[in-house]
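S.K.: sharing a model prediction with you, sequence too.
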Amino acid sequence: MRAVGSRRLLVVSGPGAVDDGAVDDGDAPLLRYVARPVVNLFLGHQFADFRAMEGIVRGSGLDWTIVRPPRLTWKPFTGRYRTSHDQNVRGGLVISRADLAAALLAFAADAGSYGAASGVAR
């Protein structure tokens, strides 16, 4: 990216990439202490990959934004979604792919999101 003069980088990660040491990761206690450990039994390697990717992005020196959506659906575009910075969206369990795309475009144009990991959900 540096070779061609591009500085803006957006990546899509996952809600399981939130550091387990976070004081408030945005998830309700049932999700944090029951659902996430169960999901990690099946998707632990994928979440580890997300965390590794996020570390590389953070160290890239680029104008990066990490976006962490929950479960993606094929529902139609609504234009309605919520975001939160440095944590998952509280109570956000799903987002349509179309709404995620809209959120990514909004983040791409938002210099205030540089250097942030943001949750996005319906």
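M.R.: Perfect, thanks for sending it. Numbers count the residues shown, from 1 in each chain.
S.K.: make it CA atoms for all contacts and neighbour counts henceforth
M.R.: Will do.
S.K.: now the chain, which segments are flagged as low pLDDT?
M.R.: 17-28, 30-32, 35-36, 43 (pLDDT under 70).
S.K.: quick check: which helices or strands does the longest helix along it pack against?
M.R.: Under DSSP state H, the helix in the chain containing the largest number of residues is helix 36-58. Here helix 36-58 touches strand 63-68, going by 3 or more CA pairs under 8 Å, 6 or more residues apart in numbering; DSSP states H and E.
S.K.: which stretches of the protein form strands?
M.R.: 8-12, 63-68, 71-73, 82-85, 94-96, 116-121 (DSSP state E).
S.K.: out of those, flag the one nearest residue 49.
M.R.: Of all those, it is strand 8-12 that lies closest to residue 49, at 12.1 Å by CA to CA.
S.K.: name the nearest residue to residue 71, ignoring sequence neighbours.
M.R.: Of all residues beyond its chain neighbours, the one nearest residue 71 is residue 94 (4.7 Å), with distances taken as CA to CA, 6 or more residues apart in numbering.
S.K.: the one you found and residue 39, how far apart?
M.R.: For residue 94, the distance to residue 39 equals 15 Å [CA to CA, to the nearest Å].
S.K.: quick one, what contacts the residue nearest in space to the middle of the chain?
M.R.: Nearest to the mean C-alpha position of the chain, by CA atoms, centre = their mean, lies residue 68 at 1.1 Å. By CA atoms under 8 Å, 6 or more residues apart in numbering, the residues touching residue 68 are 12, 13, 14, 15, 17, 88, 117, 118, 119, 120.
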